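**Student:** how would this look folded up:
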Amino acid sequence: MRVLLFVFILFPLLELALLIKVGSSIGVLATLLLIFAGVLAGGFLLRIAGPATAWRARARLLSGEAPEQEMLDGLLLAFAGLLLLLPGFISDVVGLLCLLPVTRRLLRARLSRAVPRSGPSSSVPPGGPAAGPRAAPGGSERPRPQIIEGEWERRDD
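**Tutor:** Okay, the predicted model is just below:
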């Protein structure tokens, strides 16, 4: 409840207060130019970081691994893009922090600990415990998905 109160009421008020403070210090035109430059820089960084994350996710999928990290990176990049589009300096700083690989790695680790694992990426394969390959006896290695290769032909009679 407190987080929603902060996001919807206090955060815009803090952004407005900071905009007024900066505008009174450096002038309205310079403040508007800083906000516009932040939007342009964020858009440029998103154009570079977005496709790179998609290519890494594709490479992980082709190697037979789940692209969990890349999906969280994509989520953080989308959140950063939203924050960079909002007018204000606080949202720009938080958005730029989400774009940096170091802070994104820290946020990704925190998010992956907070979200419980469920669905196909859990330790039990979809067909039951006997369906997939076993992990190492020490339990340190994640089980890899079973891949069955073959050829098929479509016949429309």
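**Student:** pretty sure P87 contacts L19?
**Tutor:** Yes: assessed by CB atoms under 8 Å, P87 is found in contact with L19 at 7.4 Å. The C-beta positions use only the backbone N, C-alpha and C, and glycine is treated the same way.
**Student:** so what sits against both of these two?
**Tutor:** I35 (CB atoms under 8 Å, 6 or more residues apart in numbering).
**Student:** who has more neighbours, these two?
**Tutor:** Comparing P87 with L19 by other CB atoms under 10 Å, the one with more neighbours is L19, at 19 against 15.
**Student:** thought the more buried one was touching I90?
**Tutor:** No: counting by CB under 8 Å, L19 sits too far from I90 to count as a contact (9.5 Å).
**Student:** mutual contacts of these two, please.
**Tutor:** In contact with both L19 and I90: no residue, using CB under 8 Å, 6+ apart.
**Student:** where's L14 relative to V93, distance?
**Tutor:** 12 Å (CB to CB, to the nearest Å).
**Student:** with M71 instead?
**Tutor:** M71 is 25 Å from V93, by CB to CB.
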